[in-house]
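Q: Take a look and give me a structure for this.
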Amino acid sequence: MKGQRIICDTGPIIALSIIDHLWILKALFQEVLLPEPVHQEIVRGGPVLAGMSNYREASWLTVQSLAKPLDPLLRSVLDTGEASVIQLAVETESAIVLIDELKARKVARTIFRLQVIGTARLLVEAKKLNSTVSVRGALQGMRDGGYWIHDDITQFALREAGEL
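A: Next up is the predicted model:
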């Protein structure tokens, strides 16, 4: 993954910020892009949003505007953040997107042929890179912070990380 670019949706950025693990993106990828609409969604959460200080300090995150207006078809099926992640991936010819929402993952994978990873997978990859990362602790911290990841995904991630 190192040396590659990833384009991130709002939820995973907030989830990683809540548990002070935003650094994982920098450790795993050469370039981390957020479409402008994703940045706006995060900022609209306000200064008291959990993890906001971590987000503001991550100067290595690149916010990028879309080259064209958001595709109306994408926008009709997905929320603005998810649609903009997929559109930016297509515009920049980036193959990897970080999205947790199931419907958006399916659209990205099946229609646009993008490689989709989720926050849980990102944590497993981080553990492979740095054995001190606790996937269980990170997932629990996300849940405690109000970010939900399906139990099946949680169990799979714990098995992959050797924590089950």
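
Q: all contacts plus neighbour counts: C-alpha atoms, from now on.
A: Fine.

Q: Beyond the worst-scoring helix or strand of the chain on mean pLDDT, next helix or strand please.
A: Using mean pLDDT, DSSP states H and E, the weakest-scoring helix or strand in the chain turns out to be helix 52-57, at a mean of 82. With elements assigned by DSSP states H and E, the helix or strand that comes after helix 52-57 is strand 61-64.

Q: In the sheet, which strands lie alongside that next one, parallel or antiparallel?
A: strand 31-35 (parallel) (DSSP bridges).

Q: C-alpha coordinates for the next helix or strand after the partner strand, CSV please?
A: Using DSSP H and E, the helix or strand that follows strand 31-35 in sequence is helix 36-44. Once non-C-alpha atoms are left out, helix 36-44 reads as follows in CSV (Å, rounded to 0.1, in the frame of the first residue of the first chain):
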residue,chain,number,x,y,z
GLU,A,36,-13.7,19.0,-0.8
PRO,A,37,-17.2,17.8,0.1
VAL,A,38,-15.8,15.3,2.5
HIS,A,39,-13.7,18.0,4.1
GLN,A,40,-16.8,20.2,4.4
GLU,A,41,-18.8,17.4,6.0
ILE,A,42,-16.0,17.0,8.6
VAL,A,43,-15.7,20.7,9.3
ARG,A,44,-19.5,21.1,9.6
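
Q: how many degrees apart are helix 36-44 and strand 31-35 in direction?
A: What separates the directions of helix 36-44 and strand 31-35 is an angle of 80 degrees, with axes from the mean of the first three to the mean of the last three CA atoms, to 10 degrees.

Q: which other helices and strands contact helix 36-44?
A: In this structure, helix 36-44 makes packing contacts with helix 10-18, strand 61-64, helix 80-91, judged by 3 or more CA pairs under 8 Å, 6 or more residues apart in numbering; DSSP states H and E.
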